[in-house]
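1. sequence first, then the predicted structure, then my questions.
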Amino acid sequence: MNHITLAPMEGVVDYLLRELLSEIGGIDLCVTEFIRVTDTRLPTSVFHRICPELKHGCQTRAGTPVHIQFLGNNPQLLALNAAKAAEIGARGIDLNFGCPAKTVCRHKGGAILLQEPELIHDIVKAIRKAVPDEMPVTAKIRLGYLDGDLAIDNAKAIEDAGANGLAVHARTKLQGYKPPAYWEDIVAIREAVDIPVVANGDIFSVEDARRCREITGCQRIMVGRGVLRNPGLPKAIASSTADKHHCDEQHYGEQRWHQSLDILQRFTRKVVQVAEYPEADHPYGINNPKRYLDGRLKQWLSMMSKTSEQARQLFEQIKRETCIRGMSEKVYRAT
Ligand SMILES: Cc1cc2nc3c(=O)[nH]c(=O)nc-3n(C[C@H](O)[C@H](O)[C@H](O)COP(=O)(O)O)c2cc1C
C-alpha cells in the first residue's frame, strides 16, 4: 500500500486518464469526477458515463479501485443516489465539500457547505445509512470557506456521521489554488479525529510528498496536478517510500519527459481510435473526439509545460492545429 490517491479532477481525470495513469503504478485509489445531485435519482447511464469502471468491478484495468464522488446539498437525495451507486457496483462513495466553482457554490454545493457543519454531518450520516456497512464513505474538504475557523467542526461532523476517511485540500475556498498550500493547518484536523486523514495540495515532487507527510503527520496523500505534470510521480513517491535511498528527484527527472510523452501518445491513440471507429464499443464516453483531444491535450500539455520545455514546445506545435490528424501526428512524431 502506497497510500496515494489520485485526486478527482472534473473535466480532466476521466475514465481514460484513470486507466492510463493507474497503469503506470503507485496509485492505490482513484476518485471519479463529481456527480452532481440536484433533484432526482439519477439513471444508471449517468453513473456509467462518469464511472464506466462500474461495469468491471469498479476498478481500473490495472486493478485500482475507483470511488464515486457526489456533490450536492440534499441528504435524502444524495443518499438515494449513493444507494443506487451501491446497487450497481460502487466500491466506495466520496463527498465533495471542496469545489470552489462559483456556479457550484451559488447552488449551495461544494465548498460553501463548509460553513454548515450540521448539514455536512446530515449528508454524511444519510449516506452512511444508505449504503452497506462495509462500503467506505469518505469526504473531501478544504480548510474552510473564507477562513479555517470551522475546520475542526467540519472534520468532527464528518467523523461523527460515520465516515471512514477524510481528504483535506490544504487551502480555504477563498485561497482558491493560489500557492502555497497550508499543510501545517492539516495537523490540528488530523489530531482532532480518529479516522484516517489524507493530505492534499501542491504535491508536485517526491520531495514535496516527503515534506507534506512530515509536516502533516499524514501517511496518506492525494495528488492531482502533480500527476498530470508528471504521470510517473506516484510511482516515484511509492518507490522512495520503499527505498529511502531512491528519493532523488533528479534520478526520476530524466525519465520524466519520455514517460509523459509515452502516455500522451497512448492517450492520443485511444482517442483517434474512437474517431476512426465510432461504431466500436469504446468505454470512454467520448462524444466528440476532435474537441475532446484538442481540449485535453492542450490542458494537459499546458500543465506539463510548467516543468517541461519539451511539453511547452509540443504545446506550441499543436496549439493551432484544428484537425485530429494534424494534432495526433504531431504528438506521435514528438521526441
Ligand atoms: C481542473 C480541476 C478539477 C477538479 N475537480 C475536482 C472534483 O471533481 N472533485 C474534487 O473533490 N476536487 C476537484 N478538484 C480539486 C483536486 O481534487 C485537488 O484537491 C486540488 O487540485 C489540489 O490538489 P493538487 O495540488 O494535487 O492538484 C479539481 C481541481 C482541478 C484543478
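-> Sure thing, it's come through. Keep in mind it's a predicted model, so treat the numbers as computed, not measured.

2. CA atoms for contacts and neighbours, from now on please.
-> Noted.

3. in stretch 110-121, which residues are buried?
-> By neighbour count with 16 or more other CA atoms under 10 Å, stretch 110-121 contains the buried residues 110-115, 117-121.

4. show me what Thr138 bridges to in the sheet.
-> Beta-bridge pairing for Thr138 (DSSP bridges): Asp94, Gly165.

5. please give me every residue in contact with it.
-> The contact partners of Thr138, taken as CA atoms under 8 Å, 6 or more residues apart in numbering, are 92-95, 163-167.

6. thinking again about what came up before, just put the buried residues of stretch 110-121 in a markdown table and tack on secondary structure and pLDDT.
-> As requested, the buried residues of stretch 110-121 are arranged in a markdown table below (DSSP: H, G, I helix; E, B strand; the rest coil; pLDDT from 0 to 100):
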| residue | secondary structure | pLDDT |
| --- | --- | --- |
| Gly110 | helix | 95 |
| Ala111 | helix | 97 |
| Ile112 | helix | 97 |
| Leu113 | helix | 97 |
| Leu114 | helix | 98 |
| Gln115 | helix | 97 |
| Pro117 | helix | 98 |
| Glu118 | helix | 98 |
| Leu119 | helix | 98 |
| Ile120 | helix | 98 |
| His121 | helix | 98 |
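
7. from the residues you listed, which is closest to the ligand?
-> Gly110 (8.2 Å; CA to the nearest ligand atom).

8. give me the spatial nearest neighbour of Pro283, chain neighbours excluded.
-> Once flanking residues are discounted, Pro283 sits nearest to Pro52: 6.5 Å by CA to CA, 6 or more residues apart in numbering.

9. can you get me a residue count around the one you found?
-> 21 (other CA atoms under 10 Å).

10. low-confidence regions, the protein specifically.
-> Counting by pLDDT under 70, the chain contains low-confidence ranges at 241-254.

11. quick one, strands of it?
-> With DSSP state E, the ranges of strands along the chain come out as 4-6, 29-36, 66-71, 93-97, 137-144, 165-172, 197-200, 221-223.

12. can I get the ones you listed in a markdown table with distance to the ligand?
-> Listed next are these as a markdown table, based on distance: least, CA to the nearest ligand atom, whole Å:
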| stretch | distance to the ligand |
| --- | --- |
| strand 4-6 | 8 |
| strand 29-36 | 4 |
| strand 66-71 | 7 |
| strand 93-97 | 5 |
| strand 137-144 | 6 |
| strand 165-172 | 5 |
| strand 197-200 | 5 |
| strand 221-223 | 4 |
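
13. could you dump these to JSON lines with distance to Gly295?
-> Below are the strands of the chain laid out as JSON lines (distance: least, CA to CA, whole Å):
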{"stretch": "strand 4-6", "distance to Gly295": "21"}
{"stretch": "strand 29-36", "distance to Gly295": "17"}
{"stretch": "strand 66-71", "distance to Gly295": "23"}
{"stretch": "strand 93-97", "distance to Gly295": "24"}
{"stretch": "strand 137-144", "distance to Gly295": "27"}
{"stretch": "strand 165-172", "distance to Gly295": "26"}
{"stretch": "strand 197-200", "distance to Gly295": "26"}
{"stretch": "strand 221-223", "distance to Gly295": "22"}
